[in-house]
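# From the sequence below, what's the structure:
(2 chains)
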Amino acid sequence: MNGLRRFTGLLKEDLKSKMGMIAAVWYSMGMFCLVFSMKTTFPTGEVRSLYVGPANTSFFAAMVLFGILMGAGAFRFLRSEPATDLYFGLPFTRRQLFVAGWINNLFIFAVPLILCRLCFFRISLAMGYSRYEESVFSVWMGCLVSVLGFLFVLGLSMTAYLLAQNDGYRIGLFVLFLAGPGVGLRLSERMLEEISPSFYRSELLERLEVYLSPLSLLSGASGVQDYADGVYWLLEEHLPYIMVLAGAVFVLTAINLVIFCIRPAERTNGMFTFRFVEWVVRYGCLILAGLWLASGLQVFAVGGFSGALCGIAVLFGVPVLHGLLNMILAFDARKFVSAKWHLLAEIGVMFLVLALFSTLGGGGQMPDREEIRSIAVTLPALASGGDSETALEQMRIEGDALPGVYEWIEFICEARGREKDSYELLVKYELEGGQSKYCRYWLPGYALDTFEEIFARKEYKLGIYAALRMDSAKYYEVRWTNGTEQYTLDLDGQERQALLAAYQEDLEELSFAQIRLRTPLGRLDFVSTKNQGDISGYIYPGFSRTLRTLAHYDIAARKQIEDYEIVRIVVDRYLMKEGLLYHVRYLADQQTITAPRKIGELAEELYAEELCVDQQLHQKDQNTEYTVYYRDSAGRTVNSVKCLKGL
Amino acid sequence: MIEIRDISKRFGKFVCLDHVSLEVPDGTIYGLVGENGAGKSTLLRLIAGVYRADAGEIRIDGKRACTVTAKREVFYMPDRQYYDRNATPLTVGNFYRNFYEGFSMEDYRGLLEMFGLDENALLDSFSKGMRKQAFIAAAICTNTRYLLCDEVFDGLDPQIRRIVNELLLSAVEGRKLTILIVSHYLEELDRICGMKGYLHRGRILTQEEWNRLL
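Now for the predicted structure:
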């Protein structure tokens, strides 16, 4: 009998022991196909070709679930001594036993999955949801990503199974593998935020989080987090994740093979197969909990980061954590006070970790002028400028404009720290080496006027106002609102282009002072008809060209609250109760105003809530809400609009 | 020949085997005796490649015990046998046939018949002794050159013990089978073993040391 025949026999016997799992996988895949073939209604806006691509959430869930279950059941014989005696006593090396289990698991999942995906594709073609040429690539990539993802989860589950000696600890270890890296990196970010007042975000930490956190990596590879469409699933967007995933599968499989080969067949002392695993778990959990505690206690810090609170966290928190870990690792409450040398080592490690963070976060507030290639600045309080992250990516202040902006930021840095009346300022430095550094500063209220210097720059406006980056309004539908009414403008291509040009010219002349002193009269929404994303822009009272163009199209763009036939105004007054860790807002008083004279006086000071977008810069009374009821053109009917009053 | 040189094995702080050396010549039945916890079963598991030794070396016909070439010539019969819940003597035979080229299904069926075991009955429905008989039959029919038996007489009635003894002796005489038996049944071992070893607290004792201990 040759080795191959014996190995085939091993595969056969191993398959026999996994009949339950085989049935579960085929049943699930069969049900997916059945449900999909009967699916006749789709939620509004759902992309039908999504089903055939790698981003299909059902396959994603199946990949994770079966990965976990099959990893935990791959070497069930290790659970009982007689079964271990039988399998390890057979004429096979441990490597052969591992390979047989791994190959069987791969085939048990991959064969039904690929058939099911092909079946989905066939149904999708027959129903006209997708076209063969457009989707065939993403169908095969879906198979590849699902199989790789399955092997990755299988590997993690196997590692947890092989390293722990009882089911509770296996689950705990698996959860630690799954969530530990993500939690650790988020805590690191939080700690750096506490230590360094200018820390805003780190691209390195974010990238590490995406690649080291198993679920993020799987989401990135499949595109499931952004519902990547089957047709438009682009390999170049997901390739880095797929490569890392493939590498991780290889490394995990190699690690599991080594563990399986060297793992003692007998039950050892403790909850883990190897002593060092207990240490890794102990110190890993301790660092995570210690960082959480040290950063959490900073809520009591007065005037920035407090090293003393970190010291308290270590000296008082670590012994408690140590006791809890002792109990958990030994599953014995009496072990709370034990392993005293470990306690000393843990305190030392925690101090070292905190020292490392304070070194990393204690650098200068801004990079040297010579290192910087370009700068992007955003003031999140300027909400009418849209999303700050997008603005930071779009903006590039460089060349001659750079020194002025750099000096202005230096001036802000001198103000140091966060005062009560200050505004968050986000800055992205693009360095000569190609890397980016993100910083957060606080612009003091008294220096807010100086922001005009930045706001007036063309690069700044190009970065924050998406409407300025629009070349053409050809594939957009234009909507207008004044916060009370909303209409779609019946304009042809030329008219839309003319309106866009007028709006862009007005936007270029917009000043920061105008934003701080005036409330917009309305808003233009450019709604894409080609799935390019919608763009909005506010119309300020000084936008004469835009208002003129709108008036030319018979749109009452200057119409404000007082111009409506108001029948009553309901005034809700709220009170705020604030404590250290809470704030509660409750209705204190309600009043209905019906007297025409009073209504007239009040209406002049009211603005539609929808247009009060930059409230931090141009403050309104937040504690009083006004509901204005006005007569509309339909007859004896009224409409209402929520309003705020200027301070 | 099974050669065991300076084998040590500990479980945590407990030293189970302490530099044990032993030789089992071909074509003999070697009986290993010792009190509970002496390390007898551990030694068998080490020879079978189930456990890894902390120190020392085990060779079977000059090959390391954990290699496939060595394991192909060894059949290990533990004290407690593992079988699937739906297993029958027939499925057990089919299982071993996959892995041992010399396994004779015909001889196996013959032995089952001799023991009076229904080949299609569930092993779960058998008594402890009947299950043991089925596995002894399988062990003999694998036709390996070495047989490691842990408490092979446990649960067998005197008549079956006699039959098993005869079977083992005939296998040794007929095909030069080498058997290493671990057991508490001293009389049975006296009856069939050509050589005996005494394990005590992880060490092999001489006959004199053993007698003194008794």
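# for the stretch 301-450 of chain A, what spans make up the helices?
A:307-312, A:318-330, A:340-361, A:388-394, A:401-415 (DSSP state H, counting those that start in this stretch).
# Specify the stretch among those helices that is closest to B:Ile4.
helix A:318-330 (35.8 Å; CB to CB). (Each C-beta comes from the backbone N, C-alpha and C, glycine too.)
# From A:Leu115, how far out is A:Val52?
Per CB to CB, to the nearest Å, A:Val52 is found 14 Å from A:Leu115.
# Between those two, point out the one with more neighbours.
A:Val52 (29 against 15; other CB atoms under 10 Å in any protein chain shown).
# Correct me if wrong: that one contacts A:Cys119.
No. Between A:Val52 and A:Cys119 there is no contact under CB atoms under 8 Å: 10.3 Å.
# B:Gly129 and B:Pro158 touch, don't they?
No. Checked against CB under 8 Å, the pair B:Gly129 and B:Pro158 is beyond contact range at 11.1 Å.
# out of those two, which sits in the more crowded spot?
A side-by-side neighbour count of B:Gly129 and B:Pro158, using other CB under 10 Å, places B:Gly129 first with 15 against 9.
# in which helix or strand would I find that one?
helix B:128-141 (DSSP states H and E).
# mind listing what's buried in stretch A:421-432?
For stretch A:421-432, the neighbour count (16 or more other CB atoms under 10 Å in any protein chain shown) marks A:422-430 as buried.
# can you check stretch B:99-106 too?
The neighbour-count check on stretch B:99-106 (16+ other CB under 10 Å) flags B:99-100, B:103-104 as buried.
# What of stretch B:36-52?
B:38-52.
# what's the answer for stretch B:55-74, then?
Buried, per 16+ other CB under 10 Å, within stretch B:55-74: B:56, B:58-60, B:65-66, B:68, B:70-74.
# In a markdown table: the buried residues of stretch B:99-106, plus distance to A:Glu495, secondary structure and pLDDT.
Written out in a markdown table, the entries for these read as follows (distance: CB to CB, whole Å; DSSP: H, G, I helix; E, B strand; the rest coil; pLDDT from 0 to 100):
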| residue | distance to A:Glu495 | secondary structure | pLDDT |
| --- | --- | --- | --- |
| B:Phe99 | 83 | coil | 91 |
| B:Tyr100 | 88 | coil | 91 |
| B:Phe103 | 90 | coil | 92 |
| B:Ser104 | 95 | coil | 92 |
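# Tell me the one among the residues you listed nearest to A:Glu203.
Checking the buried residues of stretch B:99-106 one by one against A:Glu203 (CB to CB), the nearest turns out to be B:Phe99, at 55.0 Å.
# Quick check on that closest one: phi, psi?
phi -110, psi -20 (degrees, to the nearest 10).
# ok, A:Val99 - how many residues close by?
18.
# Can you name the residues that contact it?
A:Leu257 (CB atoms under 8 Å, 6 or more residues apart in numbering or on different chains).
# if we go to 10 Å?
A:7, A:10-11, A:92-93, A:253, A:257, A:260 (CB atoms under 10 Å, 6 or more residues apart in numbering or on different chains).
# Using neighbour counts, trim those to the buried set.
Listed as buried from the contacts of A:Val99 are A:7, A:10-11, A:92, A:253, A:257, A:260; burial here means 16+ other CB under 10 Å.
# Mind checking which of those residues land in strands?
Under the assignment DSSP state E, those contribute nothing to strands.
# Make a markdown table out of those and add distance to A:Pro240 and pLDDT.
Listed next are the buried ones among the contacts of A:Val99 as a markdown table, based on distance: CB to CB, whole Å; pLDDT from 0 to 100:
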| residue | distance to A:Pro240 | pLDDT |
| --- | --- | --- |
| A:Phe7 | 37 | 92 |
| A:Leu10 | 38 | 93 |
| A:Leu11 | 35 | 94 |
| A:Phe92 | 39 | 93 |
| A:Thr253 | 21 | 97 |
| A:Leu257 | 26 | 97 |
| A:Phe260 | 30 | 95 |
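# low pLDDT regions in the stretch 151-300 of chain A?
A:227-231 (pLDDT under 70).
# Where do the strands of it begin and end?
A:199-201 (DSSP state E, counting those that start in this stretch).
# do chain B as well
According to DSSP E, the strands that chain B contains are B:2-11, B:14-24, B:29-34, B:55-60, B:63-64, B:74-77, B:146-150, B:178-182, B:195-200, B:203-205.
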